[in-house]
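Peer 1: 3D model of this:
(4 chains)
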2 protein chains.
Amino acid sequence: MSSATTPARGRRRSEQTRLAILTAAYELTTEVGYPDLTIEGIAARAGAGKQTVYRWWPTKADVLLEALALKADLKVSTADQGSFEAELDAFLQDSAALMAFPGVAPVLRSLMAEAQRDADFRRRFRDGFLLKRRAALETIVERAAARGDKPDRLTGAFAADVVFGLIWYRILATERLLDEDDIAALEQLLTEHPGKE
Amino acid sequence: MSSATTPARGRRRSEQTRLAILTAAYELTTEVGYPDLTIEGIAARAGAGKQTVYRWWPTKADVLLEALALKADLKVSTADQGSFEAELDAFLQDSAALMAFPGVAPVLRSLMAEAQRDADFRRRFRDGFLLKRRAALETIVERAAARGDKPDRLTGAFAADVVFGLIWYRILATERLLDEDDIAALEQLLTEHPGKE
DNA sequence: TCCTCAATTCGAGACGTTGCGTCTCGCCAA
DNA sequence: TTGGCGAGACGCAACGTCTCGAATTGAGGA
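Peer 2: As a prediction, the model looks like this:
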């Protein structure tokens, strides 16, 4: 069960080929679009065999998911900024910047679309991407609660639904990215203290 | 440009076949799932020829979009209820009921996914479905503004982004439907009057 | 130390299958 | 006479699997 039981005999996986495949997938998506992205095309562009791709990734969506993590730095700011408002702002700024990174929005659209079609990928996408993003935001809300900084009746889960709901709805249903006004409106909505002040 | 210029010569379109195709598409989607839904399968189930389907709908997604309108009553409550809160509640209750209607959530998932892949369908889906839903909610916000009932700094567009963002994020990224607690939390979020009270 | 063998990945591409969207046919209704 | 109808043949494209010989790596014997 441990790695010690598998001394890794035989030829090792080529890291160079792995990177070539991920890069080819990302570039091809921006060039021809996700529907016309094929495993065959990825392999050809990367100078690899089809079997090499199929050996390591179950679907083209999984290739793209890993390529996204490679291309765009997916770490989000969850550092303690002293106040709920400051941390929420940092998180939203990071998210907006990520969305604005070239090619990211189309790739996210494609991955979410694929997650609706393929139940297995849906699980991998949720565990490997969506839930990680949620966890980051919920950490901020929990810290605010411990700090006594959190608006009443606001739960981490609901805050995540609202924030990611807005972000994803913008990506999927509109063509608009998050701008400063959106971030300001969202912060105002979530940081109000009803019944106080 | 008017219908008078087309005296409708030749055999008329069969309404019976149209309904059979829409019903077959809706049922097949719930049975085999959207990815395995094919025009050939729809035609076979409906006892129609492939060409009959292709003649009237450009893609299977368009068939399903029309089938959705047929199966689930898509009208939303925009009647004047006297207050912003009452109208928002009625709208959210209607939306939650629609989502809970058998087969609606999977169909909505499929249509949104298809809209990410096909730019032409994307436009039809937006104009024929998404924007109509938005307009209904924005009507409510505008009436509240005229009534002096609207929270400060809340715009119809932003309210629509938040509400539909939450609904769609729930459909696409989670498996949870809107429940009463969600509706209550959303209403509280949107009806607070910061700086007043 | 050196050699041989098994294990594993690699690039390349052949293969059968599937569903696509178009086209054609004869029939039928307005 | 015009155009929708059911039925299905047709060529095309991409799928995912399989096979091939070469390259790389570790294990174990000489």
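
Peer 1: and the gap between the spatially most central residue of chain A and DNA strand D?
Peer 2: The centroid of chain A falls nearest to A:Phe129 when counting by Cα atoms, centre = their mean (4.7 Å). Separation of A:Phe129 from DNA strand D (Cβ to the nearest atom of the strand, to the nearest Å) stands at 21 Å. No exception for glycine: its C-beta is placed from N, CA and C like everyone else's.

Peer 1: what helix or strand is the closest residue to that residue other than its chain neighbours on?
Peer 2: The shortest distance from A:Phe129 to any non-neighbouring residue, by Cβ to Cβ, 6 or more residues apart in numbering or on different chains, is to A:Leu65 (6.7 Å). Here A:Leu65, judged by DSSP states H and E, is contained in helix A:60-71.

Peer 1: Same check on A:Lys132?
Peer 2: If you go by DSSP H and E, A:Lys132 is part of helix A:131-147.

Peer 1: following that helix, which helix or strand comes up?
Peer 2: Next in sequence after helix A:131-147, counting helices and strands by DSSP H and E, comes helix A:156-173.

Peer 1: check contacts around A:Ala100.
Peer 2: Counting by Cβ atoms under 8 Å, 6 or more residues apart in numbering or on different chains, A:Ala100 makes contact with A:Leu177.

Peer 1: ugh, typo on my part, it should be A:Leu177
Peer 2: Contacts for A:Leu177 (Cβ under 8 Å, 6+ apart) come out as A:Ala96, A:Met99, A:Ala100, A:Ala105, A:Arg170.

Peer 1: Report pLDDT for it.
Peer 2: For A:Leu177, the pLDDT comes out at 92.

Peer 1: Distance of it relative to A:Ile42?
Peer 2: 27 Å (Cβ to Cβ, to the nearest Å).

Peer 1: and if you look at A:Phe129?
Peer 2: 20 Å.

Peer 1: can you pull the contacts of A:Ile39?
Peer 2: Contacts of A:Ile39 by Cβ under 8 Å, 6+ apart are A:Lys50, A:Val53, A:Tyr54, A:Lys60, A:Val63.

Peer 1: My guess is the first one contacts A:Glu40. True?
Peer 2: Yes. Under the criterion of Cβ atoms under 8 Å, A:Lys50 makes contact with A:Glu40 at 6.0 Å.

Peer 1: Share the number of residues neighbouring A:Ser83, please.
Peer 2: Counted with other Cβ atoms under 10 Å in any protein chain shown, residues neighbouring A:Ser83 total 14.

Peer 1: how about the nearest residue to it, chain neighbours excluded?
Peer 2: Per Cβ to Cβ, 6+ apart, closest to A:Ser83 is A:Asp149, 5.9 Å.

Peer 1: quick one on the thing from earlier: does any part of the helix holding A:Leu65 sit near DNA strand C?
Peer 2: No. Using Cβ under 7 Å from any atom of the strand, helix A:60-71 never reaches DNA strand C; the gap is at least 13.2 Å.

Peer 1: near DNA strand D at all, that helix?
Peer 2: Yes. Against DNA strand D, helix A:60-71 shows contacts by Cβ under 7 Å from any atom of the strand at A:Lys60.

Peer 1: How about stretch A:34-41?
Peer 2: Yes. With Cβ under 7 Å from any atom of the strand as the measure, stretch A:34-41 is seen reaching DNA strand D through A:Asp36, A:Thr38, A:Ile39, A:Glu40, A:Gly41.

Peer 1: Can you select the buried ones among the residues you listed for me in ChimeraX?
Peer 2: Per 16 or more other Cβ atoms under 10 Å in any protein chain shown, the buried members of these correspond to this ChimeraX selection:
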select /A:39,41
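
Peer 1: just checking, which of the residues of stretch A:34-41 next to DNA strand D belong to helices?
Peer 2: A:Ile39, A:Glu40, A:Gly41 (DSSP state H).

Peer 1: out of these, who's nearest A:Gly156?
Peer 2: Proximity of these to A:Gly156 (Cβ to Cβ) peaks at A:Ile39, which lies at 38.8 Å.

Peer 1: Check the gap between that closest one and A:Arg45 for me.
Peer 2: Using Cβ to Cβ, we find A:Ile39 at a distance of 11 Å from A:Arg45.

Peer 1: go on, A:Tyr34?
Peer 2: Distance, A:Tyr34 to A:Arg45, by Cβ to Cβ: 15 Å.

Peer 1: Who has more neighbours out of these two?
Peer 2: Neighbour count, other Cβ under 10 Å: between A:Tyr34 and A:Arg45, A:Tyr34 has more, with 21 against 16.

Peer 1: OK, contacts around that one?
Peer 2: A:Leu64, A:Pro106, A:Val107, A:Arg109, A:Ser110, A:Ala113, A:Glu114, B:Gln116, B:Arg117.

Peer 1: Make a ChimeraX selection of the buried ones in the residues you listed.
Peer 2: Selecting the buried subset of these in ChimeraX, with 16+ other Cβ under 10 Å as the burial test, is done by:
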select /A:64,107,109,110,113,114 /B:116,117
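
Peer 1: The contacts of A:Tyr34 into JSON lines, with extra columns for pLDDT and secondary structure?
Peer 2: Listed next are the contacts of A:Tyr34 as JSON lines, based on pLDDT from 0 to 100; DSSP: H, G, I helix; E, B strand; the rest coil:
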{"residue": "A:Leu64", "pLDDT": "95", "secondary structure": "helix"}
{"residue": "A:Pro106", "pLDDT": "94", "secondary structure": "helix"}
{"residue": "A:Val107", "pLDDT": "95", "secondary structure": "helix"}
{"residue": "A:Arg109", "pLDDT": "95", "secondary structure": "helix"}
{"residue": "A:Ser110", "pLDDT": "95", "secondary structure": "helix"}
{"residue": "A:Ala113", "pLDDT": "96", "secondary structure": "helix"}
{"residue": "A:Glu114", "pLDDT": "96", "secondary structure": "helix"}
{"residue": "B:Gln116", "pLDDT": "94", "secondary structure": "helix"}
{"residue": "B:Arg117", "pLDDT": "92", "secondary structure": "helix"}
